[in-house]
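Chemist: This is a predicted model, with the sequence first.
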Amino acid sequence: MVKIVLAGGARNVGREVLEALLAEGKHEIKVFSRKEVPDLSSEGVTVNVVDYSDKAALVNALEGVDTVLSFIITFNDPNNQSQINLIDACIEAGVRRFAPSEWATRSHCGMPAYEGKDQVYDYLREINKEKKVLEFTLFQCGLFLNYFSYPYPSAKFMQIFPMPIDVENCRAIIHKDTKAQITLTSVQDLARIVTKAVDYESAWPEVSGVRANQMPVLDFIKLCEKIRGKKFIVESVEKSDLEKGILTSSWFPVIVHSSVSEDLRDAFSQSYFSAFILALERGGWNASNEWNELLPKFCFTYAEEFLSNVWKHGP
């Protein structure tokens, strides 16, 4: 048994991982949060209300901790200061392992919303350049399958929003002449992988790719058509428009998420999904497979099985 901290683990993807770790019952788990989390406290989970600008307090709160998993939202963390302070505190407190807030694309995918992830990765590599002072890994799983159940929840805590491949309305927006590959992994599978990773005795790989499903984007659209029993209306967008942050399609998905204020949703969504589609073409949403190789007997959820279970009764 070791002590594990989930920074920002009170909601969304972090909460899914937290619940999986609690279900295993092997370790002492704490959550770092900027505010009280009554529902967790009532379940007996230790919640430390932290100020990420107070490094001395962070060091004290990390005493005796073996592993820290970060779910701090990077684009809401100016200059990545919260994560950098957390990393520095981990080193001072003697924490052995750290996983920064990744949980999505490959590194350097070109999405402005994810630049903070790359900067934190660069910082981790820099501090370990002379000698290893903190073991770390980047959990990267591609796109969560759960988004394609929208608007129907397919996870207990993860927030979902519509995607450019809109299974509900049988339509899609793609890069013109796309040849992109995509990795699709359920958040439940990712959470189960993390429970096994914290028990893994050898050194973590620097990149922790998790790849449940990998296929061309066009094949995924065909799979969705098969599940829904109808052809999708597919609109393509020119690269030049995407590079300007413009979606010329007749519609675009709107992100409703706690990290995006209501008045900014439309502008943020158009910018985000333009970059998202470009990142697809760069291979940014096509994760590597380190944990597939390290855990060859792990049973992943397949995309067809997942979608069939969600959509078998129609919209």
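Modeler: Happy to help now that I have it.
Chemist: all strands for the stretch 1-150 of the chain, in order.
Modeler: Assigned by DSSP state E, counting those that start in this stretch, the strands in the stretch 1-150 of the chain fall at 3-7, 28-33, 46-49, 67-70, 97-99, 135-136, 138-140, 143-144.
Chemist: Next, format these as CSV and append mean pLDDT, distance to residue 21 and mean neighbour count.
Modeler: (C-beta placed from N, C-alpha, C; glycine too.) What follows is these, written out as CSV (pLDDT from 0 to 100; distance: least, CB to CB, whole Å; neighbours: other CB atoms under 10 Å):
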stretch, mean pLDDT, distance to residue 21, mean neighbour count
strand 3-7, 98, 7, 24
strand 28-33, 97, 6, 21
strand 46-49, 96, 13, 15
strand 67-70, 99, 9, 24
strand 97-99, 99, 12, 22
strand 135-136, 99, 18, 20
strand 138-140, 99, 14, 25
strand 143-144, 98, 18, 24
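Chemist: Include distance to residue 165 when you put the ones you listed into JSON lines, please.
Modeler: Listed next are these as JSON lines, based on distance: least, CB to CB, whole Å:
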{"stretch": "strand 3-7", "distance to residue 165": "30"}
{"stretch": "strand 28-33", "distance to residue 165": "33"}
{"stretch": "strand 46-49", "distance to residue 165": "37"}
{"stretch": "strand 67-70", "distance to residue 165": "29"}
{"stretch": "strand 97-99", "distance to residue 165": "28"}
{"stretch": "strand 135-136", "distance to residue 165": "32"}
{"stretch": "strand 138-140", "distance to residue 165": "20"}
{"stretch": "strand 143-144", "distance to residue 165": "10"}
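Chemist: Nearest to residue 292, out of those strands?
Modeler: strand 138-140 (12.2 Å; CB to CB).
Chemist: Tell me the helices and strands packed up against that closest one.
Modeler: Judged by 3 or more CB pairs under 8 Å, 6 or more residues apart in numbering; DSSP states H and E, strand 138-140 is in contact with helix 187-197, strand 207-209.
Chemist: again, 7 Å this time
Modeler: Under the contact definition 3 or more CB pairs under 7 Å, 6 or more residues apart in numbering; DSSP states H and E, strand 138-140 sits against strand 207-209.
Chemist: and after the strand it packs on, which helix or strand comes next?
Modeler: Counting by DSSP states H and E, the next helix or strand C-terminal to strand 207-209 is strand 213-216.
Chemist: Not counting its own residues, what contacts that following strand?
Modeler: For strand 213-216, the external contacting residues (CB atoms under 7 Å, 6 or more residues apart in numbering) are 180-184, 286, 302-303.
Chemist: swap the cut-off to 10 Å and go again
Modeler: Applying CB atoms under 10 Å, 6 or more residues apart in numbering, the external contacts of strand 213-216 come out as 142-143, 145, 178-186, 189, 220-223, 286-287, 289, 292, 300-306.
Chemist: Point out the ones among those that are inside helices.
Modeler: Counted as lying in helices by DSSP state H, out of those, are 189, 220-223, 292, 303-306.
Chemist: out of the residues you listed, which are buried?
Modeler: Buried members of the ones in helices among the contacts of strand 213-216, scored by 16 or more other CB atoms under 10 Å, are 189, 220-221, 223, 292, 303, 306.
Chemist: Between which two of these is the distance greatest?
Modeler: The widest separation within these (CB to CB) is 24.1 Å, between 221 and 292.
Chemist: As TSV, the buried ones among the ones in helices among the contacts of strand 213-216 with pLDDT and distance to residue 153 would be great.
Modeler: As requested, these are arranged in TSV below (pLDDT from 0 to 100; distance: CB to CB, whole Å):
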residue	pLDDT	distance to residue 153
189	99	17
220	99	21
221	99	23
223	99	21
292	98	27
303	98	18
306	98	13
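Chemist: Same list (those residues) but as a markdown table, adding distance to residue 45.
Modeler: Shown next, in a markdown table, are these (distance: CB to CB, whole Å):
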| residue | distance to residue 45 |
| --- | --- |
| 189 | 23 |
| 220 | 37 |
| 221 | 41 |
| 223 | 38 |
| 292 | 30 |
| 303 | 32 |
| 306 | 28 |
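Chemist: so which of the residues you listed comes closest to residue 64?
Modeler: residue 189 (30.2 Å).
Chemist: And the closest one, how close does it get to residue 196?
Modeler: 11 Å (CB to CB, to the nearest Å).
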